[in-house]
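Chemist: sequence plus the predicted model coming up.
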Amino acid sequence: MSGMKSFRFSMMVRSAAVGLVLLMVACAPLASAPTETPRPAAATPSTAVAAAPSGKVVIARSGDINQMDPHITFWFSDGGFHLTLFDALVHRDNDLSLKPGLAESWRNQAPTEWVFTLRSGVAFHNGEPFDASAVKSNIDDTMKRQKDPMFGTLSGAEVVNERTVKITTKAADPLLPARLTNLVMYAPKYFAQVGPEEFAKKPIGTGAFKFVERVKDSHVKLEANTTYWRGSPKIKELIWRVIPEASTRLSALRAGEVDVISGLPNESADTVNKTQGLKAIGAPSTRPQFVMMFPGSPEAGGQAIKDVRVRQAINYATNVDSIIANILGGRATRIAGITPTSLDGYDASVKPYPYDPAKAKQLLAEAGFASGFDLTMFVPSGRYIKGEDVTQAIAADLGKVGIKVQVRPIESGTLFKLRDDRKIAPLFLFAWGSNLGDAGEIPLAVLHSTSTNAVYSSPALDGLLNEAGTTIDAAARKQTLSKLQQQVKDEAPFLFLYTNEELYGVSTKLVGWNPRPDDRILMWDVTLAK
Amino acid sequence: MLPYIARRLIGALVVIVLAGTVVFGILQIAGDPASLLLSSGGSQDDLARMRAELGLDQPLPQRYGRFLLGVVTLDMGDSYRYGEPAFGLVLERLPATLVLALAALAIAVVIGVPLGVVAAANEDSIADIASSFFAFLGQAAPNFWLGAMFILLFSVQLGWLPTSGAGSPWHLVLPAATLALRPLAQLTRLTRSEVIETLCQEYVRTAHAKGLGPRLVLRRHVLRNAAIPIVTLVGLDLGALLGGAIVIESVFAWPGSGRLLLQAIEHRDFPVLQAGVVVLASTVVLINLAVDLLYTWLNPRVRLF
């Protein structure tokens, strides 16, 4: 071909290539629409229970376990995995109620003294006996090495006899049993023998499964502990896999490589339910989502929200139910405050702010903002489910009552730094999970005047939080917690939203497993359908 | 040659220290890792205690000195998040990234260079146009999207390959193929244009005049000379692939160092980030040195020293 013609031809070819790429990208939603992938039909579980455990279950999550050694730094997300290998003295059941674990019973015998009676006949995977001195070793080690302040109230453990341990706290701590649900017991003689580094490479506990192997950021293999004190697991092999991308996790589920995936995106739920052999199931989480307010912020609107009427107006003006239905596909539970429904001390009689734009406008007028005001709102990019969309919806709602909102996405770490430097916007989207399953915990973390997370506090709230933190009597404490929840609602230091649903994709082969509100995946009594 | 290499290695050390210093500086203003590590949201006292634990309360010159010492002794301290030595964590995961990057590069070279040569030797033919087309496609399409599409097709629909993870050569196929697409496209186009240019040279015409067959001319005279820019690109690509593997590692759950460093950024895990910069900078610098030494073999007239 001549020069000019060949130039034009190759330009045509390149344009066609561009066109094809654009076409392929546009067809992506169609390409990812599922066709019926043939899967084995879920049979009814066999009635004859096999004597020896059999079968393999693979769980895929987005993140790896941070630390195999449970006593260095505390990560709640590691807790579910740790409870596979280890047990704790106290256990939260599937509905999050406190139940005996390695301890059969406990009582508070003085404000700072608790006595635990231990289960007998329990041994660690290597045969070491579980007894009071094992508990003491674990508690001593936690006090020595554990960096997280969660266990900071511990002051010591004393062996009373082989089956009895006395645990003391620095000050009266009504939450000690709840804290101990996160303090798992490792085999102390083995730990002393091999040291922390070797222990982390091959951890030993009393749990339902024993450690086999681990490849960091890839998988952990576990096998059944047939002498487990709750009864041997029915499945032989348990594998925890790390698959960071949600779409890849879903593909792995559909290809039959994994049996349970966590962090299923809301919009994939229908896809999963329509696929034969799979189902999407969820549970309301213990992690409330809310918009924090920083009165006095240097950004637009910082002065206006100093007035409680303005903060309440913001709550009246936002149509949270609509956000849940339309942006989250119904996969969230509305809450009145920042206390999820499954926590100890949750008070259902505190009702959420109703959606009432007229009342919002009235309150704004009373506060002197009849013509509205400008407001900046930050959202940490990509951190919360549909965070950007939710903040846009809130901005639209507030716009209807005269508050002109500008939403800015900011990288998470930077956003927290701005908060620490007290430069953050007056409103920012946030969430805080519960490690202890108690209604006093989250307000303490985000509202107490000494907390690093708090950008709002008040003497009334501090008073109630302090009271809840030191009252051992359960009935009296429950009353204080109710008062606290009502006070939090009235002072409106946040725009109250919801708890997201923890969504899982599950193979129907798996029988006897349901999601827990605290995102802990426990497989002690799960079976596989034949 | 040895004095030359020694000079280059000293230069490499300077580059590594500079790169590390830049990262060190950025981290100081990037945010506080201590508050990110407090799971229960502690008080100011708790925060102060955590910062002391991590050594963040020491004055800046002291911390910088510690960092410089760490570069030389290969000890950046323990990861804030994982509690293990930072260098160990990075080095543990580096082989997986190297395997992925080298596999991708191998695919790119083994397919791209011959494709470019064929295209150049048959300029303006259907083969040439088709290879241009695919080269353009490979450079234009976003590779994380292609990766997800490959998973849907080859794993979910056809069931030929695993979706993700590592553990067998089959696990390497999709991520390496996806990562290879961009360098493959670049190499094809570069090879094609280099060979075309070389084919016009006087000495090639002389070779033909001497009576040498076209294949021999190609091999002995054309490719050797066209190779230098290609080798440069391959060297640069390897450095880029080590960094760019991050996205592919996430899509395919490939347990490499890219993912480790990405998470370390989010967690402000200073020791891991510092260790990562030192390791990656060293790798890139060493690759460049190897490429430069390779030139002298390819073209004896090139004088480096």
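Modeler: All right, it came through fine. Numbering: from 1, shown residues only, chains lettered A, B, ... in the order given.
Chemist: longest strand in chain A, please.
Modeler: Taking DSSP state E as the criterion, chain A has its longest strand at strand A:278-293.
Chemist: what's the spacing between that one and its chain's center?
Modeler: Chain-centre distance of strand A:278-293: 8 Å, with CA atoms, centre = their mean, to the nearest Å.
Chemist: kindly report the same for stretch A:375-390.
Modeler: That offset, for stretch A:375-390, works out to 18 Å (CA atoms, centre = their mean).
Chemist: could you list the buried residues of it?
Modeler: In terms of neighbour count (16 or more other CB atoms under 10 Å in any protein chain shown), stretch A:375-390 has its buried residues at A:375-380, A:383-388, A:390. No exception for glycine: its C-beta is placed from N, CA and C like everyone else's.
Chemist: between the residues you listed, which is nearest residue A:449?
Modeler: residue A:378 (22.5 Å; CB to CB).
Chemist: on the strand side of things, show who residue A:507 bridges to.
Modeler: residue A:278 (DSSP bridges).
Chemist: now do the contacts for it.
Modeler: If you count contacts by CB atoms under 8 Å, 6 or more residues apart in numbering or on different chains, residue A:507 has them with A:253, A:256, A:259, A:260, A:277, A:278.
Chemist: can you redo the residues you listed as a markdown table with pLDDT?
Modeler: Formatted as a markdown table, those follow (pLDDT from 0 to 100):
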| residue | pLDDT |
| --- | --- |
| A:253 | 96 |
| A:256 | 94 |
| A:259 | 96 |
| A:260 | 96 |
| A:277 | 94 |
| A:278 | 96 |
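Chemist: now do residue 102, the pLDDT please.
Modeler: Using chain A here. Model confidence at residue A:102, given as pLDDT, is 96.
Chemist: correction: the question concerned chain B.
Modeler: For residue B:102, the model assigns a pLDDT of 92.
Chemist: from residue B:244, how far out is it?
Modeler: From residue B:102 across to residue B:244, the span is 14 Å (CB to CB, to the nearest Å).
Chemist: so the two - more neighbours on which side?
Modeler: Between residue B:102 and residue B:244, residue B:244 has the larger neighbour count (other CB atoms under 10 Å in any protein chain shown), namely 18 against 14.
Chemist: you'd agree the more buried one is up against residue B:181?
Modeler: No - Residue B:244 lies out of contact with residue B:181 (CB atoms under 8 Å); the separation is 11.4 Å.
Chemist: which ones among the buried residues of stretch A:375-390 map onto helices?
Modeler: Among those, the members falling in helices (DSSP state H) are A:387, A:388, A:390.
Chemist: so who does the nearest residue to residue A:139 once chain neighbours are set aside touch?
Modeler: Ranked by CB to CB, 6 or more residues apart in numbering or on different chains and with sequence neighbours excluded, the top spatial neighbour of residue A:139 is residue A:157, at 3.9 Å. By CB under 8 Å, 6+ apart, the contact list for residue A:157 reads A:135, A:136, A:139, A:140, A:165, A:166, A:167, A:168.
Chemist: just the buried members of the residues you listed?
Modeler: Buried among the contacts of residue A:157 by 16+ other CB under 10 Å: A:135, A:136, A:139, A:165, A:166, A:167, A:168.
Chemist: so residue A:83 sits in a strand?
Modeler: No - counting by DSSP: H, G, I helix; E, B strand; the rest coil, residue A:83 is not found in a strand; it is helix.
Chemist: report the contact partners of it.
Modeler: Applying CB under 8 Å, 6+ apart to residue A:83 gives the contacts A:184, A:207, A:520, A:522.
Chemist: redo that, cut-off 10 Å
Modeler: A:91-92, A:101, A:181-182, A:184, A:205, A:207-209, A:520-522, A:524 (CB atoms under 10 Å, 6 or more residues apart in numbering or on different chains).
Chemist: residue nearest the middle of chain B, spatially speaking?
Modeler: In chain B, the residue lying closest to the centroid (CA atoms, centre = their mean) is residue B:242, at 2.4 Å.
Chemist: relative to residue B:21, how far out is it?
Modeler: According to CB to CB, residue B:242 stands 21 Å off from residue B:21.
Chemist: and the helix or strand following the longest strand of chain A, what's its mean pLDDT?
Modeler: Next along the chain after strand A:278-293, taking DSSP states H and E as the criterion, comes helix A:308-317. For helix A:308-317, mean pLDDT is 97.
Chemist: same deal with stretch A:415-428?
Modeler: For stretch A:415-428, mean pLDDT rounds to 92.
Chemist: with stretch A:513-530 instead?
Modeler: 90.
Chemist: buried ones in it?
Modeler: A:513, A:515-524, A:526-529.
Chemist: and of those residues, the nearest to residue A:175?
Modeler: Of all the buried residues of stretch A:513-530, the one with the least separation from residue A:175 (CB to CB) is residue A:518, at 15.5 Å.
Chemist: got the contact list for the closest residue in space to the closest one that isn't next to it in sequence?
Modeler: Spatial nearest neighbour of residue A:518, excluding adjacent residues (CB to CB, 6+ apart): residue A:286 at 5.1 Å. Contacts for residue A:286 (CB under 10 Å, 6+ apart) come out as A:76, A:92, A:96, A:339-343, A:432-437, A:441-442, A:499, A:502, A:516-519.
Chemist: if we go to 8 Å?
Modeler: Residues in contact with residue A:286 (CB under 8 Å, 6+ apart) are A:96, A:340, A:342, A:343, A:433, A:434, A:437, A:499, A:517, A:518, A:519.
Chemist: next: residue A:81.
Modeler: By CB under 8 Å, 6+ apart, the contact set of residue A:81 is A:65, A:220, A:240.
Chemist: and the first one, how many neighbours does it have?
Modeler: Residue A:65 is surrounded by 19 other residues when neighbours are defined as other CB under 10 Å.
Chemist: same question for the one 3 residues further on.
Modeler: By the measure other CB under 10 Å, the count of residues near residue A:68 is 23.
Chemist: same question for residue B:65.
Modeler: 12.
Chemist: need the three-state assignment for it.
Modeler: helix.
Chemist: quick one: it and residue B:58, what's the gap?
Modeler: 10 Å.
Chemist: can you check residue B:12 too?
Modeler: Taken as CB to CB, the span from residue B:12 to residue B:58 is 29 Å.
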